[in-house]
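Peer 1: just to be clear, the model below is a prediction. Sequence and coordinates:
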Amino acid sequence: VDGVLEGISGKPRRDAPGRRSGEREGGKLVRDPVCGTFVAPGDAPSLTTGGQTLYFCSDKCRNEYHAR
């Protein structure tokens, strides 16, 4: 829910002292550029383009992004 609220407002929230929404214990979550879902980079399909690695919630979102 916090990710949805952050996505709607466009403003990061603070969940715990020193920790922003989109972060979890053990690592930072990143947003899928296609659907906006927050994912853990270590567990997510990825695509490196232009020297930047992007992470996706599914192969479907990765393939949709790559097809653009």
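Peer 2: Structure received.
Peer 1: which residues in the chain form strands?
Peer 2: Here the chain has its strands, by DSSP state E, at 14-16, 19-20, 23-24, 27-28, 30-31, 38-39, 46-49, 52-55.
Peer 1: packing partners of the fifth one?
Peer 2: To tie it back to what came earlier, the one meant is strand 30-31. strand 38-39 (3 or more CB pairs under 8 Å, 6 or more residues apart in numbering; DSSP states H and E). Where C-beta positions appear, they are placed from N, C-alpha and C, glycine not excepted.
Peer 1: direction included, what does the strand it packs on pair against?
Peer 2: Note on strand 38-39: by DSSP bridges, its sheet partners are strand 30-31 (antiparallel).
Peer 1: any idea of the mean pLDDT for the partner strand?
Peer 2: Average pLDDT, strand 30-31: 96.
Peer 1: try stretch 60-68
Peer 2: Stretch 60-68 shows a mean pLDDT of 95.
Peer 1: which residues does it contact?
Peer 2: The contact list for stretch 60-68, computed with CB atoms under 8 Å, 6 or more residues apart in numbering, reads Asp32, Pro33, Val34, Cys35, Thr37, Pro45, Ser46, Leu47, Leu54, Phe56.
Peer 1: got those as JSON lines, with distance to Tyr65 and neighbour count columns?
Peer 2: Output for the contacts of stretch 60-68, formatted as JSON lines (distance: CB to CB, whole Å; neighbours: other CB atoms under 10 Å):
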{"residue": "Asp32", "distance to Tyr65": "9", "neighbour count": "19"}
{"residue": "Pro33", "distance to Tyr65": "6", "neighbour count": "15"}
{"residue": "Val34", "distance to Tyr65": "5", "neighbour count": "17"}
{"residue": "Cys35", "distance to Tyr65": "10", "neighbour count": "14"}
{"residue": "Thr37", "distance to Tyr65": "13", "neighbour count": "18"}
{"residue": "Pro45", "distance to Tyr65": "10", "neighbour count": "16"}
{"residue": "Ser46", "distance to Tyr65": "11", "neighbour count": "13"}
{"residue": "Leu47", "distance to Tyr65": "7", "neighbour count": "15"}
{"residue": "Leu54", "distance to Tyr65": "7", "neighbour count": "21"}
{"residue": "Phe56", "distance to Tyr65": "7", "neighbour count": "24"}
